[in-house]
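Student: need the 3D shape of this:
(chains A, B, C and D)
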There are 2 protein chains.
Amino acid sequence: MKDVTPAPKRRYAKRLPVEKRREHLLDAALRVLVRDGYEKVTIEAIAREADVTRPVVYAAYDGLEPLLHALLDRTQRRALASALQLMPARTFEGDVDDWVLTAAGGLIDAVQHEPDVWRPVLGLTQNAPVIVRDRIDSTRELIRGYIADALQVGLERRGGPDVDVDVLAHLVMITAEHFGRLVLDQPERYDKERLVGALEGLLSATLPQPENRADSA
Amino acid sequence: MKDVTPAPKRRYAKRLPVEKRREHLLDAALRVLVRDGYEKVTIEAIAREADVTRPVVYAAYDGLEPLLHALLDRTQRRALASALQLMPARTFEGDVDDWVLTAAGGLIDAVQHEPDVWRPVLGLTQNAPVIVRDRIDSTRELIRGYIADALQVGLERRGGPDVDVDVLAHLVMITAEHFGRLVLDQPERYDKERLVGALEGLLSATLPQPENRADSA
DNA sequence: ACTGATTGCTACACGACTGTAGGTTCGCCG
DNA sequence: CGGCGAACCTACAGTCGTGTAGCAATCAGT
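Tutor: From the prediction side, this is the model:
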């Protein structure tokens, strides 16, 4: 008889101290996440991907939720760090338009450089659980605050028409996110050059023109 | 003795012909969806919500996927109908800005009027399964096509600067969607007046000014 | 090499959902 | 009023994920 259940006797996984194991598991979780979407991220699947049994996962984390939080912490550190670097320094001297264009380009670069970090953040990955959504939402708000501040300062300096900075920050934010999604989803159709170029075209159609700012200082 | 297992003997649900039952089930599914999010939409949950047993659901639909498709068909008919009404008629005479503002206001009205229809579409409901996402994405593209056409015509008529209409259509689209989300999520903070007002402010800062268009005809 | 603490594995008890077979009730229609 | 088909229900078998108890393998230090 063909060995119906050859009792495959799982080969012992390499032993790791807890901290190493945690990193290992987060890597596995991220792979599953990017490959299969949020709904497939289970303790079971992570254990499989990490080539370990479930009890090992439970030994490292108290369950799926803490694990996801840890994964988000790590991802957030990476993504948020990149994103914040795009924010204008207090001492930023140029025009708001310049900042927007620079930041847009920088974001696109960042996204293309670490797609696996950004894909979950941009919501491309299917089915984010509530805890993930909440986390991302709060991060979004943080960033949006920065954007609003930058716009406030920039627009005041320029002395442009008074706009609803809060709403505008929303629009800038979702535009940035959408640009990220576009380059990830359809890189051949929408590349950095095209998107930044389009944005530049739009901004140049806006009052006041960049040349107005030079003589205000 | 307290009847430990009183054999609750489910009371017979009202008998319905298949078509009626289908509508009934879709209603139940939508309630579950809006209340608990996509991840909780299961045959089981729908049956519970509809106060029927699972076999009844299976008698009406071949499984969860067909049922969801049907639900999307119905929702799409409603949402898409509203959305398309906002598209400019071929004979639209006014300025692009006017159309954008009118459409934005109309969309906000529609969203507030039928929140349960729009919430899933706008992705507020947590965790859309792949089939739902695909469906919504294709609808989105359809609408975006309309927007692009409208912008093309409107901008040519106005003779404004040549912008990347395709990218601009993306931005108009996501702006509209985001406005919808804002009024649904934080109605006290963002109401129709504020959003449309902000948009108007932004457009008025754009060249050429509306008054330029009158003398071009 | 020996030993014990550390890390991993097997195995079990649950719980939720799926899908279906087969019996039961309802209500229309002769 | 009796039958008969449509519509509903119960019950079962199967799958997949959770969480935990207890055994087994590994490796570090003597």
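Student: measure the residue of chain A found nearest DNA strand C to chain B for me?
Tutor: Residue nearest to DNA strand C within chain A: A:Arg10 (3.1 Å; Cβ to the nearest atom of the strand). Quick note: C-beta positions are derived from backbone N, CA and C, even for glycine. The spacing between A:Arg10 and chain B, counted by Cβ to the nearest Cβ, to the nearest Å, is 31 Å.
Student: give me the number of residues near that residue?
Tutor: 9 (other Cβ atoms under 10 Å in any protein chain shown).
Student: what segments of chain A are strands?
Tutor: For chain A, applying DSSP state E gives no strands.
Student: doesn't A:Arg22 make contact with A:Ala50?
Tutor: No: assessed by Cβ atoms under 8 Å, A:Ala50 is found out of contact with A:Arg22, at 10.7 Å.
Student: the nearest residue to the residue of chain A closest to DNA strand C once chain neighbours are set aside and A:Glu23: what is the separation?
Tutor: Sequence neighbours aside, A:Thr53 is the residue nearest to A:Arg10 in space, at 7.1 Å (criterion: Cβ to Cβ, 6 or more residues apart in numbering or on different chains). To A:Glu23, A:Thr53 is 18 Å away according to Cβ to Cβ, to the nearest Å.
Student: and if you look at A:Ile131?
Tutor: From A:Ile131 over to A:Glu23 (counting by Cβ to Cβ), the distance is 21 Å.
Student: any idea which helix is longest in chain A?
Tutor: Determined from DSSP state H, the single longest helix within chain A is helix A:130-158.
Student: would you indicate which residues of it are buried?
Tutor: The neighbour-count check on helix A:130-158 (16 or more other Cβ atoms under 10 Å in any protein chain shown) flags A:132-133, A:135-136, A:139-140, A:143-144, A:146-148, A:150-151, A:153-155, A:158 as buried.
Student: does A:Arg74 touch A:Leu26 like I think?
Tutor: Yes: at 5.9 Å, A:Arg74 counts as touching A:Leu26 under the criterion of Cβ under 8 Å.
Student: burial of the nearest residue to A:Trp118 once chain neighbours are set aside, as a residue count?
Tutor: Using Cβ to Cβ, 6+ apart and skipping the chain neighbours, the partner closest in space to A:Trp118 is A:Val111 (4.5 Å). Using other Cβ under 10 Å, the number of residues around A:Val111 comes to 25.
Student: what's the answer for A:Leu68, then?
Tutor: 22.
Student: contacts only, for it.
Tutor: A:29, A:41, A:129, A:131-132 (Cβ atoms under 8 Å, 6 or more residues apart in numbering or on different chains).
Student: same check on A:Gly180?
Tutor: Contacts of A:Gly180 by Cβ under 8 Å, 6+ apart are A:107-108, A:111, A:118, A:122.
Student: next one: A:Asp164
Tutor: A:Asp164 sits in contact with B:194, B:197-198, B:201, where contact means Cβ under 8 Å, 6+ apart.
Student: what do you get if the cut-off is 10 Å, keeping everything else the same?
Tutor: By Cβ atoms under 10 Å, 6 or more residues apart in numbering or on different chains, A:Asp164 lies in contact with A:170-171, B:190, B:194-195, B:197-202.
Student: among those residues, the buried ones, what's the PyMOL command?
Tutor: PyMOL command restricting the contacts of A:Asp164 to the buried ones, with burial defined by 16+ other Cβ under 10 Å:
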select buried, (chain A and resi 170+171) or (chain B and resi 190+195+198+199+200+202)
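Student: could the contacts of A:Asp164 go into CSV alongside distance to DNA strand D and pLDDT?
Tutor: Output for the contacts of A:Asp164, formatted as CSV (distance: Cβ to the nearest atom of the strand, whole Å; pLDDT from 0 to 100):
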residue, distance to DNA strand D, pLDDT
A:His170, 35, 95
A:Leu171, 38, 94
B:Tyr190, 37, 95
B:Arg194, 43, 95
B:Leu195, 41, 94
B:Gly197, 47, 92
B:Ala198, 43, 93
B:Leu199, 44, 90
B:Glu200, 49, 89
B:Gly201, 49, 87
B:Leu202, 46, 87
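Student: just the closest of the contacts of A:Asp164 to B:Asp162, please.
Tutor: Distance to B:Asp162, by Cβ to Cβ, is smallest for B:Leu202 among those, at 19.9 Å.
Student: residues contacting the closest one?
Tutor: Contacts of B:Leu202 were listed using Cβ under 10 Å, 6+ apart, and they are A:161, A:163-164, A:167-168, A:171, A:206, B:97, B:100, B:175.
Student: give me the buried subset of these.
Tutor: A:163-164, A:167-168, A:171, A:206, B:97, B:100, B:175.
Student: residue ranges in chain A under the pLDDT threshold?
Tutor: Counting by pLDDT under 70, chain A has low-confidence residues at A:1-8, A:88-93, A:124-129, A:159-161, A:207-217.
Student: can you pull out the helices in it?
Tutor: With DSSP H as the criterion, chain A has helices spanning A:18-36, A:43-50, A:54-60, A:64-86, A:96-113, A:115-121, A:130-158, A:165-185, A:192-204.
Student: just checking, what packs against the first one?
Tutor: What it means is helix A:18-36. Packing partners of helix A:18-36 (3 or more Cβ pairs under 10 Å, 6 or more residues apart in numbering or on different chains; DSSP states H and E): helix A:43-50, helix A:54-60, helix A:64-86, helix A:115-121.
Student: could you tell me the angle between it and helix A:64-86?
Tutor: Counting by axes from the mean of the first three to the mean of the last three Cα atoms, to 10 degrees, helix A:18-36 lies at 80 degrees to helix A:64-86.
Student: does DNA strand C have contacts with helix A:18-36?
Tutor: Yes: counting by Cβ under 7 Å from any atom of the strand, DNA strand C has neighbours in helix A:18-36: A:18, A:21.
Student: can I get that helix as CSV, trimmed to CA atoms?
Tutor: Below are the C-alpha coordinates for helix A:18-36, written out as CSV (Å, rounded to 0.1, in the frame of the first residue of the first chain):
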residue,chain,number,x,y,z
VAL,A,18,12.3,35.0,20.7
GLU,A,19,13.3,38.3,19.2
LYS,A,20,14.8,36.8,16.1
ARG,A,21,11.7,34.6,15.8
ARG,A,22,9.5,37.6,16.0
GLU,A,23,11.3,39.3,13.1
HIS,A,24,11.1,36.1,11.2
LEU,A,25,7.4,35.9,11.7
LEU,A,26,6.8,39.5,10.8
ASP,A,27,8.6,38.9,7.5
ALA,A,28,6.5,35.9,6.9
ALA,A,29,3.3,37.8,7.8
LEU,A,30,4.2,40.6,5.4
ARG,A,31,4.8,38.1,2.6
VAL,A,32,1.4,36.5,3.1
LEU,A,33,-0.2,39.9,3.4
VAL,A,34,1.3,41.2,0.1
ARG,A,35,0.7,38.0,-1.7
ASP,A,36,-2.7,36.9,-0.6
